[in-house]
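**Student:** 3D model of this:
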Amino acid sequence: MRSNLITSLKVIIAFSLILLLGCNQIDKKVEYRYGDMVITRIDKSSNSYFWFGVVKEGEDKDPDIKINWGGFDGGFRAYLIFESDHVELFREYGFFKVVKANRHITISHKFKHETDDFDNVSAIHWMDSLSGSFKNVRMIQSPPYESELKVNKDNHSEVNAVFLQ
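**Tutor:** Numbers count the residues shown, from 1 in each chain. Presented below is the predicted three-dimensional model:
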């Protein structure tokens, strides 16, 4: 009886550790740079936070934009579009929310349809037009980062990603 209890406790502890360690993404910080503009991204658990500018170590300020990509089939994909004085975050999929309005970084409504939240056909034509020549555009997505790196390399994005953690 006692050995069954000890075995059960070991299984419960092991399972709890797997859940605790497996469900939380390691925090990752990325700086996207194009010209003199920087977008800082920090991934924590199943959320990505974005700021216009550099966020210094230990600095505690509200993000400009938050993306939640948790859940059973969670994830996000978007495009950072660096313009002359601001950056648009064009959502392909995922839950995006403005936390703090900032004219230098906005969620793009480039393809908003008059009767729907999103005009898929126009967006597809825009993405196809970029093929091979991203230049001031960078595709970003929820971790892992390997396919993000490949897509941007293959399409000659000039937006640099600096992975800091």
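**Student:** use CA for all of it now, contacts and neighbours both
**Tutor:** OK.
**Student:** give me the pLDDT value at Asn102.
**Tutor:** Asn102 carries a pLDDT score of 95 in this model.
**Student:** that one against Asp64, yeah?
**Tutor:** Yes. Between Asn102 and Asp64 there is a contact under CA atoms under 8 Å: 6.4 Å.
**Student:** how close does the closest residue to Ile81 other than its chain neighbours sit to Val87?
**Tutor:** Spatially, and ignoring its direct neighbours in sequence, Ile81 is nearest to Val137 (4.6 Å; CA to CA, 6 or more residues apart in numbering). Computed as CA to CA, to the nearest Å, the Val137 to Val87 distance reads 10 Å.
**Student:** about what we covered before: wait, isn't the residue nearest to Ile81 in contact with Ala78?
**Tutor:** No. Val137 lies out of contact with Ala78 (CA under 8 Å); the separation is 10.2 Å.
**Student:** who's more crowded, these two?
**Tutor:** Between Val137 and Ala78, counting by other CA atoms under 10 Å, Val137 is the more crowded of the two (23 against 19).
**Student:** tell me who's in contact with that one.
**Tutor:** Contacts for Val137 (CA atoms under 8 Å, 6 or more residues apart in numbering) come out as 79-82, 157-159.
**Student:** swap the cut-off to 7 Å and go again
**Tutor:** Val137 sits next to 79-82, 157, 159 when contact means CA atoms under 7 Å, 6 or more residues apart in numbering.
**Student:** and the helices in the chain?
**Tutor:** With helices called from DSSP state H, the chain shows them at 2-23, 120-130, 146-154.
**Student:** any idea which of the ones you listed scores lowest on pLDDT?
**Tutor:** Per-stretch mean pLDDT for the helices of the chain is lowest at helix 2-23 (a mean of 50).
**Student:** which residues touch stretch 146-163?
**Tutor:** So stretch 146-163 is contacted by 29-34, 131-141 (CA under 7 Å, 6+ apart).
**Student:** let's see that stretch as PDB, backbone CA atoms only.
**Tutor:** The C-alpha trace of stretch 146-163 is given here as PDB (Å, rounded to 0.1, in the frame of the first residue of the first chain):
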ATOM      1  CA  GLU A 146      13.300  28.600 -37.800                       C
ATOM      2  CA  SER A 147      10.700  29.000 -40.500                       C
ATOM      3  CA  GLU A 148      10.500  32.800 -39.800                       C
ATOM      4  CA  LEU A 149      14.300  33.000 -40.500                       C
ATOM      5  CA  LYS A 150      14.000  30.900 -43.600                       C
ATOM      6  CA  VAL A 151      11.100  32.800 -45.200                       C
ATOM      7  CA  ASN A 152      12.800  36.200 -44.600                       C
ATOM      8  CA  LYS A 153      16.200  34.900 -46.000                       C
ATOM      9  CA  ASP A 154      14.500  33.400 -49.000                       C
ATOM     10  CA  ASN A 155      12.600  36.700 -49.700                       C
ATOM     11  CA  HIS A 156      15.600  39.000 -49.200                       C
ATOM     12  CA  SER A 157      14.200  40.900 -46.200                       C
ATOM     13  CA  GLU A 158      16.500  43.800 -45.300                       C
ATOM     14  CA  VAL A 159      14.900  44.000 -41.800                       C
ATOM     15  CA  ASN A 160      17.500  42.500 -39.400                       C
ATOM     16  CA  ALA A 161      16.400  40.400 -36.500                       C
ATOM     17  CA  VAL A 162      18.700  40.400 -33.500                       C
ATOM     18  CA  PHE A 163      17.900  37.500 -31.100                       C
END
